[in-house]
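S.K.: How does the following fold in three dimensions:
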Amino acid sequence: MVATTREQGKRRPAGGPPIPTANASLFFTYDEATHLLTPPTSSICVWRVVFDRRRCLVDAVQAERMRAGLEEAQRRHVRALVAAVACATMGRVRAAEAKLDRARCHNSELEEKLRQISAEGQAWMGVAKSHEALLQSPCAVTAVAAATRKGDAKDAQSCCFKTPGGAAAATAADAVSGATSCKACHVTEASVPLLPCLCDACEAAAAACPVCTATKNASVHVLLS
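M.R.: Take a look at the predicted model:
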């Protein structure tokens with residue numbers, strides 16, 4: 001009877017909340033007046049600590065995920081920036097190489113033109129030297145002939161009589177003077193040749209000038225530009 005009474009005393013009233021067990025009494029207390037389970041103060045602290053720990057764990061996981069995302073975004077940004085800089089640099093390098101190739105081609109053209117101009121200059125120098133030699137030879141012949149004529153004239157004026165030899169010398173001097181005189185005015189001595197006159201084939205066969213009929217003593221090939 002005592003046990004039964006005790007068991008009946010532990011039974012919950014009709015319509016009331018369940019009576020806590022021994023394990024439940026560790027965290028909750030049963031109020032018979034209100035028929036409610038009231039958690040003890042120590043259990044509230046435990047649940048608060050657990051909640052705080054879980055919240056800290058969730059915050060740490062979210063922070064780690066955020067950090068990983070930010071690092072990945074930063075890496076993508078750096079890769080894109082490096083690719084853009086490399087593309088711009090390669091474009092500038094290609095432009096510089098093309099400009100260098102054009103400068104090399106231009107330098108090659110200038111060197112070729114310089115070689116051509118040097119060859120033409122040497123050719124013209126040879127022509128000028130040949131012309132100079134050709135011009136100097138008639139001047140030398142004319143100077144010798146003039147000196148001879150002057151000497152003969154002085155000899156003729158100094159002597160009191162004329163000899164057949166003197167007459168022959170005067171005749172030869174007049175012939176030389178006529179051969180070396182200008183073919184236009186026949187007054188002064190000829191010192192300027194007019195070029196060109198004949199072609200290669202005719203020059204080889206000609207023995208005298210076809211214009212003035214002077215005896216040929218030299219010939220010069222003229223390069224016409």
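S.K.: Remind me what the helix of greatest length in the chain packs against, helices and strands.
M.R.: Across the chain, the longest stretch assigned as helix under DSSP state H is helix 41-158. Applying 3 or more Cβ pairs under 8 Å, 6 or more residues apart in numbering; DSSP states H and E, one finds that helix 41-158 makes contact with helix 164-180. C-beta here means a position set from N, CA and C on the backbone, and glycine is covered the same way.
S.K.: Report the mean confidence score over the helix it packs on.
M.R.: Summarised as a single mean, pLDDT over helix 164-180 is 50.
S.K.: Quick one: name whatever helix or strand follows that helix.
M.R.: helix 200-205 (DSSP states H and E).
S.K.: any residues touching that next one, and which ones?
M.R.: For helix 200-205, the external contacting residues (Cβ atoms under 8 Å, 6 or more residues apart in numbering) are 197, 219, 221.
S.K.: do you know how far the second one is from residue 94?
M.R.: Summarising the geometry, the distance separating residue 219 from residue 94, computed by Cβ to Cβ, to the nearest Å, is 61 Å.
S.K.: So these two - more neighbours on which side?
M.R.: residue 219 (14 against 10; other Cβ atoms under 10 Å).
S.K.: Next, the contact list for that one, please.
M.R.: residue 203.
S.K.: Quick check: which element contains it?
M.R.: Residue 219 belongs to no helix or strand, assigned by DSSP H and E.
S.K.: Phi first, then psi, for it.
M.R.: phi -140, psi 150 (degrees, to the nearest 10).
S.K.: Against residue 78, how distant is it?
M.R.: 85 Å.
S.K.: quick one on the thing from earlier: closest one to residue 45 out of the contacts of helix 200-205, please.
M.R.: residue 221 (125.9 Å; Cβ to Cβ).
S.K.: list the contacts for that closest one?
M.R.: Residue 221 makes contacts with 130, 200, as judged by Cβ under 8 Å, 6+ apart.
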